[in-house]
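1. Model the following, please.
(one chain, ligands or ions: 1)
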Amino acid sequence: AMEEPAIAERLEVLSAPRPALAGVAMDAPRLMGIVNITPDSFSDGGDFAEPETALAQARRLAEEGADFVDIGGESTRPGSDPVSLEDERARVMPVLEGLSGLPAPISIDTRKAAMMTEAAAKGAKVINDVSGLTHDPDALSAAAQTGLPVILMHALGDPKTMQDDPRYDDVLLEVYDFLAARIDAAIAAGIPKERIAVDPGIGFGKTLQHNLTLLNGLSLFHGLGVPVLVGASRKRFIGTLNDEREPKKRVPGSIAAAITAASQGVQILRVHDVRETRQALRVWLSAAHGAPFDAL
Ligand SMILES: Nc1nc2ncc(COP(=O)(O)OP(=O)(O)O)nc2c(=O)[nH]1
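-> A predicted model of the protein is given here:
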């Protein structure tokens, strides 16, 4: 088999030239903290459903060192139902208004064109669409109009049914090809390549095996020439491997997944537990460099 590149060589990938994303340098693993303003998110639904608690969480994650704070008003967990524009707007906009002074750039986790436009007007600096700008026919043009960088994620169909029976001939290549096509579509819509990042969509229409094949092969996605984001935090595959039904008890496994991604040069890690993940990353990066790594 091909000799596995040493950690140091893989770390070279980290320093591969990628433009900054919303002003955040892509030269070391960066953390995207998660604020789910929903009653039903799979791991923390209801915890931050009120503006005050969502604001406090966003500020806390920024203080813990989040490089981005991802704000979402629609759970896209397996089996979830879509949220109306009115409901998503009512959940998210009050929080965005309250976060205007946040030191970390805010990403808006939404599939709706109208939400992208309105969130951008309220200070969001990144658009994060779990459907890769495919769900809303107006999303590509709306995202391009905002001038914001976009994160294009792969999902196999709709959250409602994506886990019913996910099948691929080759999950790595099919996810890669989907992301390549979405990059082309975004560029054609007027979003320059330096404002694009991709994400394989762990848990979005994938079996345990699919998720593990993706986590093992993440370095492939650097071939797309844009920053790579991975969101494995607290997800079901961690619970399946450990028979751990409670998402909040999956933090050690989430950290292991984050280190797995960082060791393959993934530039952005989307996590619920910023302080814990940052601590682990610093140790891993410092050891891998043989010296204190304080870029985080
Ligand atoms: N780019 C990106 N965005 C995402 N948004 C939501 C979730 C699902 O996790 P969470 O937001 O915690 O749960 P829910 O969708 O139930 O709110 N995962 C990702 C991900 O892996 N990548």
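2. any weak-confidence spans in this protein?
-> Within the chain, the segments meeting pLDDT under 70 span 1-5, 9-16.
3. if we go to 50?
-> 1 (pLDDT under 50).
4. Quick one: the strands in the chain, in order.
-> 30-36, 68-72, 106-109, 126-129, 150-153, 196-199, 229-230, 268-271 (DSSP state E).
5. Near the ligand, which residues of the stretch 101-250 of the chain are found?
-> Asp109, Asn128, Val130, Ile151, Met153, Asp199, Gly201, Ile202, Leu229, Gly231 (C-beta under 6 Å from any ligand atom). C-betas here are computed from N, CA, C, even on glycine.
6. correct me, but the second one touches Asp109?
-> What it means is Asn128. Yes - between Asn128 and Asp109 there is a contact under C-beta atoms under 8 Å: 4.6 Å.
7. re earlier: could you dump the strands of the chain into JSON lines with distance to Ala188 and mean neighbour count added?
-> JSON lines is the format used below for the strands of the chain (distance: least, C-beta to C-beta, whole Å; neighbours: other C-beta atoms under 10 Å):
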{"stretch": "strand 30-36", "distance to Ala188": "26", "mean neighbour count": "27"}
{"stretch": "strand 68-72", "distance to Ala188": "26", "mean neighbour count": "26"}
{"stretch": "strand 106-109", "distance to Ala188": "22", "mean neighbour count": "27"}
{"stretch": "strand 126-129", "distance to Ala188": "16", "mean neighbour count": "27"}
{"stretch": "strand 150-153", "distance to Ala188": "13", "mean neighbour count": "28"}
{"stretch": "strand 196-199", "distance to Ala188": "12", "mean neighbour count": "25"}
{"stretch": "strand 229-230", "distance to Ala188": "22", "mean neighbour count": "28"}
{"stretch": "strand 268-271", "distance to Ala188": "24", "mean neighbour count": "27"}
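8. For those, give me TSV that also has distance to His135.
-> Shown next, in TSV, are these (distance: least, C-beta to C-beta, whole Å):
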stretch	distance to His135
strand 30-36	18
strand 68-72	14
strand 106-109	12
strand 126-129	7
strand 150-153	11
strand 196-199	15
strand 229-230	18
strand 268-271	19
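9. separation between Asn171 and Asp165?
-> Rather than Asn, residue 171 is Val. The spacing between Val171 and Asp165, counted by C-beta to C-beta, to the nearest Å, is 14 Å.
10. out of those two, which sits in the busier spot?
-> Val171 (23 against 8; other C-beta atoms under 10 Å).
11. what's near enough to touch the more buried one?
-> Going by C-beta atoms under 8 Å, 6 or more residues apart in numbering, Val171 touches Lys206, His210, Thr213, Leu214.
12. tell me the two of those that are most distant?
-> Comparing all pairs in the contacts of Val171 by C-beta to C-beta, the longest separation belongs to Lys206 and Thr213, at 8.6 Å.
13. Which one's more surrounded, these two?
-> More crowded of Lys206 and Thr213, by other C-beta under 10 Å: Lys206, with 26 against 17.
14. Please name the residues that touch the more buried one.
-> Lys206 makes contact with Leu156, Pro166, Val171, Leu214, Phe237, according to C-beta under 8 Å, 6+ apart.
15. thought Arg278 was touching Gly33?
-> No - counting by C-beta under 8 Å, Arg278 does not reach Gly33; the two are 9.9 Å apart.
16. Between these two, which contacts overlap?
-> Among the neighbours of Arg278, those also in contact with Gly33 (C-beta under 8 Å, 6+ apart) are Glu64.
17. picking up where we left off before, inside helices: which ones of the contacts of Val171?
-> Using DSSP state H, the members of the contacts of Val171 that fall in helices are His210, Thr213, Leu214.
18. Please name the residues that touch the second one.
-> With contact set as C-beta under 8 Å, 6+ apart, Thr213 has these partners: Val171, Leu172.
19. Let me have the contacts of Lys206 in TSV, extended by distance to Pro82.
-> Converted to TSV, the contacts of Lys206 look like this (distance: C-beta to C-beta, whole Å):
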residue	distance to Pro82
Leu156	17
Pro166	19
Val171	25
Leu214	25
Phe237	24
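20. quick one: Leu218 and Pro200 touch, right?
-> Yes - applying C-beta under 8 Å as the test, Leu218 and Pro200 come out as touching, 7.1 Å apart.
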